[in-house]
Structures are given as C-alpha cells and as structure tokens.
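# compute the structure for the input listed below.
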Amino acid sequence: MSASLSASEITRLQSALRRLLGSPELTVNPAPRAGMSVELAVKGEVIGTVHRDDEDGDVSYAVNMVVLEEDLPRA
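All right, here's what the predicted structure looks like:
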C-alpha cells in the first residue's frame, strides 16, 4: 500500500501542502529509515506523517496529523 517517496515527489508534495494549508514553514522530510513514512513538520517539530498509496495506478497521499492535548490552549 504505502511506497517510499522520491526526492522530487517530496518537493512537489511539500509545495502543495504549503499552499493548501497556508503554512510556508511546513516541511515534508524524507523517511528517517527505509520502510517508514515521510514526516510532516512545522518549524522543525514533527506533527505527523504522509503515506503514499498507489492502488490501481491512482496515486494519493494521506496525511496523519497528531495534536497532543497538552498543546491545546487552556479552556
């Protein structure tokens, strides 16, 4: 299901996510080790992962973002 992303693909994905999410400080970082997903970060802090799916020849990317409760503003 998930395949590794090429350097070109990471650059293109980063540009698209920066535009879509309105965050020029967002980066898509290569997988830290083979077989792992690429990381999504803002200002160097990893906030999630990006998974590539090329099922049936249609390529799509799924972003899994984590927000810790401790990072939420006080109620």
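
# hey, let's count contacts and neighbours off CA atoms from now on
OK.

# list phi and psi for Thr11.
phi -60, psi -50 (degrees, to the nearest 10).

# which residues touch it?
Contacts for Thr11 (CA atoms under 8 Å, 6 or more residues apart in numbering) come out as Val28.

# what does the lengthiest strand in the chain rub up against?
Ranked by residue count, the top strand of the chain under DSSP state E comes out as strand 45-53. Here strand 45-53 makes contact (CA under 8 Å, 6+ apart) with 1-5, 37-41, 59-67.

# got a quick PyMOL command for the buried subset of those?
Buried residues among those (16 or more other CA atoms under 10 Å), as a PyMOL selection:
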select buried, resi 2+4+5+37+38+39+40+41
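
# what sits against Met65?
So Met65 contacts Ile47, Gly48, Thr49 (CA under 8 Å, 6+ apart).

# ok, those vs Leu26, which is closest?
Ranked by distance to Leu26 (CA to CA), the contacts of Met65 are led by Ile47 at 9.7 Å.

# how close does that closest one sit to Asp58?
Plainly put, Ile47 is 26 Å away from Asp58 if you go by CA to CA, to the nearest Å.

# go on, Val28?
Val28 is 21 Å from Asp58, by CA to CA.

# looking at those two, which one has more neighbours?
Neighbour count, other CA atoms under 10 Å: between Val28 and Asp58, Val28 has more, with 22 against 7.

# how close does Leu72 sit to Glu45?
15 Å.

# more neighbours, the two?
Glu45 (11 against 8).

# low-confidence ranges in the chain?
Where the chain drops to pLDDT under 70, the residues are 1-3.
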